[in-house]
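K.L.:
Curious how this folds, go ahead:
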Amino acid sequence: MNDLHDRFRAASASAEWIFHRPPSTPAAMLRELADFAEDADLAWDRYGERGAVAQLEAEVAELLGKPTAVMFPSGVMAQQATLRAWCDRAGSRRVALPDLSHLVHHEQDGPRRVLGLELEWLTTGRRTATADDLAAVGGRLGAAMVELPLRDAGCLLPSWGELVALSEAARERGVSLHADGARIWESVSYWERSLADVGALVDSIYVSLYKGLGGPSGALVACPADLAGELRSWRQRMGGTLFSLTAPAVGGLIGLRQHLDRFGAYRAWAVDLAAALRERGFRTFPDEPHIGTFLVCSRGTADEVNERVVRFVEERGLVACGLWRDADVPGWVQTELTCYEPAIRHDPADVAGLMSAAVGEGPPGI
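P.N.:
Alright, predicted model coming up:
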């Protein structure tokens, strides 16, 4: 598989990409940051205070309807600090969260080993949390967390009614509700609600600057004003109060202006693509994507499918999909598709044909 990864990386470096955004170069990204900072007359921050960081924090807080926001160099640090702050207030280190949460699968047990959190499963498997799920977690909780959307479950979102009911249940119980909103920018079109509507249902929410917004790095937590001081203290304890966070802050400001109003179109295109893929024998999860990112399944093994995908990129100079991994069901593989600007320039039916040709499941497309 390492050889396949190396071949894919080499072939895709000069190929056209349909999904995700084509990789930029450091020089191109730094030029864009410099041009925007000059045009907007942005000032340096110092240790996360003032300048571009303060401007970004104010804009994000306003969008999410929160009194303030705090910038962090990473989402991992942002969320662990936030949960620890809520737990300290509650006098309990127990956090209820989905077993598919990013904190569980992608942070090398940091929440437990670094900050001493005790994790309880709010949900298990590919489903989103309800008020009944919260009620089923007994005992005293320091916080509860939802991931909006639940990325490792195909970017699933709860219905708006389910999210409202969960929020009400948490407040009745006196449990702080935190949202992993790394992809919340992409999610609000599913509910036909505003970012502030979502912010009103949770006590704090983390947002990413580099996923949907395309910035170089960085994250923020929108929260009550009295929590912000505690988050800044945890940021410093965890080594995140860098001398300057200006570069990722400028990237975030650019992303808000360039991408915020496009995510509804990305989702609508993804819905059409998923339907076209199912017509060609693929399976999608969820059937109708909740955001512009979703899972696709096909028959085969990862080695054989990826060999065909890599050969397709090498021969056609086109990345019709990423690499695949074995699915939970034997004899099936899955991959994740993310529909941004490069994708929606194409007809969804044509892209489904290209994917079918790439994995060896049908005739070539365009």
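K.L.:
just the helices in the stretch 101-250 of the chain please.
P.N.:
Secondary structure of the stretch 101-250 of the chain (DSSP state H, counting those that start in this stretch): helices located at 102-105, 110-113, 131-136, 160-173, 184-191, 195-199, 225-237, 246-259.
K.L.:
and residue 32, which of those helices is closest to it?
P.N.:
Nearest of these to residue 32, taken as CB to CB: helix 246-259 at 6.7 Å. C-beta coordinates here come from the backbone N, C-alpha and C atoms, glycine included.
K.L.:
Which segments of the protein make up each domain?
P.N.:
The record's domain split for the chain, according to automatic domain parsing, is 2-24+262-359, 40-257.
K.L.:
Please convert those domains to JSON lines, extending it with mean pLDDT, distance to residue 34 and mean neighbour count.
P.N.:
Output for the domains of the chain, formatted as JSON lines (pLDDT from 0 to 100; distance: least, CB to CB, whole Å; neighbours: other CB atoms under 10 Å):
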{"stretch": "domain 2-24+262-359", "mean pLDDT": "95", "distance to residue 34": "14", "mean neighbour count": "18"}
{"stretch": "domain 40-257", "mean pLDDT": "97", "distance to residue 34": "9", "mean neighbour count": "20"}
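K.L.:
In a markdown table: those, plus distance to residue 33.
P.N.:
Converted to a markdown table, these look like this (distance: least, CB to CB, whole Å):
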| stretch | distance to residue 33 |
| --- | --- |
| domain 2-24+262-359 | 11 |
| domain 40-257 | 5 |
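K.L.:
follow-up on the earlier one: make a markdown table out of the helices of the stretch 101-250 of the chain and add distance to residue 350.
P.N.:
Below are those laid out as a markdown table (distance: least, CB to CB, whole Å):
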| stretch | distance to residue 350 |
| --- | --- |
| helix 102-105 | 33 |
| helix 110-113 | 43 |
| helix 131-136 | 41 |
| helix 160-173 | 34 |
| helix 184-191 | 23 |
| helix 195-199 | 33 |
| helix 225-237 | 47 |
| helix 246-259 | 24 |
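K.L.:
Quick one, which of those gets closest to residue 298.
P.N.:
Evaluated with CB to CB, the helices of the stretch 101-250 of the chain place helix 102-105 nearest to residue 298, the distance being 23.1 Å.
K.L.:
Other residues contacting the closest one?
P.N.:
Residues outside helix 102-105 that contact it (CB atoms under 8 Å, 6 or more residues apart in numbering) are 75, 79-80, 97-98, 110-111, 119, 145, 147, 151-152, 180, 182.
K.L.:
swap in stretch 233-246?
P.N.:
37, 42, 44-48, 51-53, 70-74, 77, 80-81, 84-85, 114, 218, 232.
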